[in-house]
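A.B. asks: quick one, fold the following:
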Amino acid sequence: MDRFGCWDRALITQLVPLHIADKIGSLFLPSSPQDDSLVWGLTADGEYSVKFGSLLAQGIYNPNFEKVEFAWLWKFNVPPKIKLFLWKACHDGLPSKDRLKKCKVFVPYWIEEWHSISDGASISKFSFVWWFIWFTRNKVIFNEEGFTPCKVSFMISSFFAQWLKAAAKGEEDVGNPSPRCSAKPKVVRVGKNIVWTPPPENFCKLDLNGLKDPNGNAALGFVIRDCMGEVLLVGAKSLGPHISIVQVEAWALCEGVKGAISLDISHLVVEGDNLAVINSMKNLWRIPWEISNIINDVGVDARSFVKCQFRHCFREANQAADFMAKKAHRHQSLLYWFPPYCMDFSLIIRKDVLGWPPD
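C.D. replies: Residues are numbered from 1 along each chain as shown. Here you go, the predicted model:
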């Protein structure tokens, strides 16, 4: 570590390869003394689980598998039942005989690889074919029905044509056996937690957020405002790809609290949209082991305030911190910003002060 208590990246890169140095640099270093502890890394709370211990002993669960994000599946222009089928396939959830026997179908990284080199239209077409193969396979096994290749091909082409026609009219789903249904209206959240509200008099508010870009790079951002909605301090930092989203959110909390301490704030309200982090600070949930050292560090820092409250809000009420987190990808070190701010950020702040609903 360097004299500031941070990782000495220059020294680390001299001792280990660059990719290992990056992983080491992404580890949080607490500023308060903490005892070492043993955790069972396969569970969220770090406690041993018979379920995961049994799966590991049988060789069914491999913790070294790289996690692959499949959220992009939901953006395809295919019926919801095919999206659900793809999601289950990508998470080893298809109830095949082999799956029920071994609790594992395959490691579907080839889908992620295909997604990176193919266009969405090609994958959408393939998903229709794949779903119908699964559909007819189940009919043959469980209903003893017979299908010829020509019949299956006709079913696929007919269903695909109907879907394209319905999609052009804005419909959500077509085909047998369920009837057509119109597109469902977008669910809009309502309530006080979707609009930013100023803190009580004599309090300041810390809004925090962590996110990942499409390449998996994490970043944090936070905004500190007074009871009139005026910005006192904003901060942002890039954390790289070797960190989970809950760690990013907890790290944003830690940096935001330290920023509030630097401003000599005595009464603080903390708001974030990650329920695990907020409820961990409120002692409502068991602290996930991967953020326990961060939460403990924040707990020590929180004693510096006369009063410190933690509240959960929805993402719609957290746009200012989200804006800063998006800007943070260009900054490897923690940066503080002071007024004046750019026009886009100032507009978000002004809307928050006026109580405008999210766009």
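A.B. asks: what residue ranges in this protein are flagged as low confidence?
C.D. replies: The chain contains residues with pLDDT under 70 at 3-4, 59-73, 91-93, 95-120, 170-193, 359.
A.B. asks: let me see the domain layout of it.
C.D. replies: 1-30, 71-182, 192-354 (automatic domain parsing).
A.B. asks: just checking: what are the partner strands of the strand or helix carrying Cys308?
C.D. replies: Using DSSP states H and E, Cys308 falls within strand 307-312. Strand pairing for strand 307-312, using DSSP bridges, gives strand 267-272 (parallel).
A.B. asks: let me know which of the domains of the chain is tucked in deepest.
C.D. replies: Of the domains of the chain, the one with the most neighbours on average (mean count of other C-beta atoms under 10 Å) is domain 192-354, at a mean of 19. In short, each C-beta sits where N, CA and C put it, glycine included.
A.B. asks: work out the gap between that one and the centre of the chain.
C.D. replies: 16 Å (C-alpha atoms, centre = their mean, to the nearest Å).
A.B. asks: re the thing from before, looking at the domains of the chain, which is nearest to Tyr48?
C.D. replies: domain 192-354 (11.6 Å; C-beta to C-beta).
A.B. asks: how much space separates the residue nearest to Val353 when sequence neighbours are not counted from Leu220?
C.D. replies: In space, and not counting its chain neighbours, Val353 is closest to Gly229: 3.7 Å by C-beta to C-beta, 6 or more residues apart in numbering. Plainly put, Gly229 is 22 Å away from Leu220 if you go by C-beta to C-beta, to the nearest Å.
A.B. asks: likewise Gly25?
C.D. replies: For Gly25, the distance to Leu220 - C-beta to C-beta - is 15 Å.
A.B. asks: doesn't Ala219 make contact with Asp322?
C.D. replies: No. With contact defined as C-beta atoms under 8 Å, Asp322 does not reach Ala219; the gap is 10.4 Å.
A.B. asks: shared neighbours of these two, anything?
C.D. replies: Shared contacts of Asp322 and Ala219 (C-beta atoms under 8 Å, 6 or more residues apart in numbering): Leu211.
A.B. asks: returning to that earlier point: how about TSV for the domains of the chain, with distance to Gly41 added?
C.D. replies: Shown next, in TSV, are the domains of the chain (distance: least, C-beta to C-beta, whole Å):
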stretch	distance to Gly41
domain 1-30	14
domain 71-182	20
domain 192-354	7
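A.B. asks: Leu233: what secondary structure?
C.D. replies: For Leu233, the assignment made with DSSP: H, G, I helix; E, B strand; the rest coil gives strand.
A.B. asks: let me see the ranges of the helices in the stretch 251-359 of the chain.
C.D. replies: Using DSSP state H, counting those that start in this stretch, the helices of the stretch 251-359 of the chain run over 275-281, 292-302, 319-327, 343-354.
A.B. asks: kindly apply the preceding question to the stretch 1-150 of the chain instead.
C.D. replies: Assigned by DSSP H, counting those that start in this stretch, the stretch 1-150 of the chain shows helices spanning 9-15, 18-25, 50-57, 80-90, 97-102, 109-117, 120-143, 149-168.
A.B. asks: nearest to Lys237, out of those helices?
C.D. replies: helix 18-25 (12.1 Å).
A.B. asks: which secondary structure elements does that closest one contact?
C.D. replies: If you count contacts as 3 or more C-beta pairs under 8 Å, 6 or more residues apart in numbering; DSSP states H and E, helix 18-25 packs onto helix 9-15.
A.B. asks: C-alpha coordinates for stretch 197-215, PDB please?
C.D. replies: The C-alpha coordinates for stretch 197-215 follow below in PDB (Å, rounded to 0.1, in the frame of the first residue of the first chain):
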ATOM      1  CA  THR A 197     -37.200  15.200  -2.000                       C
ATOM      2  CA  PRO A 198     -35.100  17.600   0.100                       C
ATOM      3  CA  PRO A 199     -33.900  16.500   3.600                       C
ATOM      4  CA  PRO A 200     -35.400  18.000   6.700                       C
ATOM      5  CA  GLU A 201     -34.100  21.400   7.900                       C
ATOM      6  CA  ASN A 202     -30.600  21.300   9.200                       C
ATOM      7  CA  PHE A 203     -30.000  18.000   7.400                       C
ATOM      8  CA  CYS A 204     -28.000  17.300   4.300                       C
ATOM      9  CA  LYS A 205     -28.700  14.400   1.900                       C
ATOM     10  CA  LEU A 206     -26.300  12.000   0.300                       C
ATOM     11  CA  ASP A 207     -27.500  10.300  -2.900                       C
ATOM     12  CA  LEU A 208     -25.400   7.400  -4.200                       C
ATOM     13  CA  ASN A 209     -25.300   5.100  -7.100                       C
ATOM     14  CA  GLY A 210     -23.200   2.400  -8.700                       C
ATOM     15  CA  LEU A 211     -23.500   0.900 -12.200                       C
ATOM     16  CA  LYS A 212     -21.800  -1.100 -14.900                       C
ATOM     17  CA  ASP A 213     -21.400  -0.200 -18.600                       C
ATOM     18  CA  PRO A 214     -22.100  -2.600 -21.400                       C
ATOM     19  CA  ASN A 215     -18.500  -3.800 -21.200                       C
END
